[in-house]
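**Student:** just need the structure, nothing else, for what follows:
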Amino acid sequence: MYNTINIHFINFPNKYIQILKQIAIIVLQTEQIKLCQLNCIIISDSDMIQLNKNYLNTNNITDVISFLLIPKLFIGEIYISKIYSQKQANCYNHTWKEELAYLMIHGVLHLCGYKDYHDVDKANMFMQQDKLFQFIKNNKIL
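**Tutor:** Alright, predicted model coming up:
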């Protein structure tokens, strides 16, 4: 079996695509995912609310939503809210590029099976997310 990772970006600034792709690949490799097809899409806040309403039964905004569409082939989509993520970057004292990197890690981890709905799961997910984010920063990928 050969390794194939295909990641496509829609509505992302061109200057961030290569870095975000590299970050997604690092997360996938860490989780031992060798075959994957991902679409990563920046959407409006109103579109994010609609996704939340349609698929997660909540009427709230969120920063990132991931859907593993075909688990056996690891085909998925990651949606990031543009304005919300930019505001969040300011709150966390990140650049938007850093926030997108953090959300990319978060989105890919969700596709890999990590959950953040309960305290124990959330602690485990955020520990892995922070570890990967620190690795990326320490290795000057960002």
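
**Student:** residue ranges with poor pLDDT in the protein?
**Tutor:** 1-3 (pLDDT under 70).

**Student:** what residues does the strand ranked longest in it touch?
**Tutor:** For the chain, the longest strand by residue count, based on DSSP state E, is strand 35-43. The contact list for strand 35-43 (CB atoms under 8 Å, 6 or more residues apart in numbering) reads 1, 3-12, 20, 24, 28, 51, 73-82, 104, 107-108, 111. (Each C-beta comes from the backbone N, C-alpha and C, glycine too.)

**Student:** longest single helix anywhere in the chain?
**Tutor:** Of all segments of type helix in the chain, defined using DSSP state H, the longest is helix 119-138.

**Student:** which parts of the helix or strand hosting Phe67 are buried?
**Tutor:** Secondary structure from DSSP states H and E places Phe67 in strand 64-70. For strand 64-70, burial by neighbour count (16 or more other CB atoms under 10 Å) applies to Val64, Ile65, Ser66, Leu68.

**Student:** that strand packs against which elements?
**Tutor:** Secondary-structure packing of strand 64-70 (3 or more CB pairs under 8 Å, 6 or more residues apart in numbering; DSSP states H and E): helix 45-56, strand 75-81, helix 96-111.
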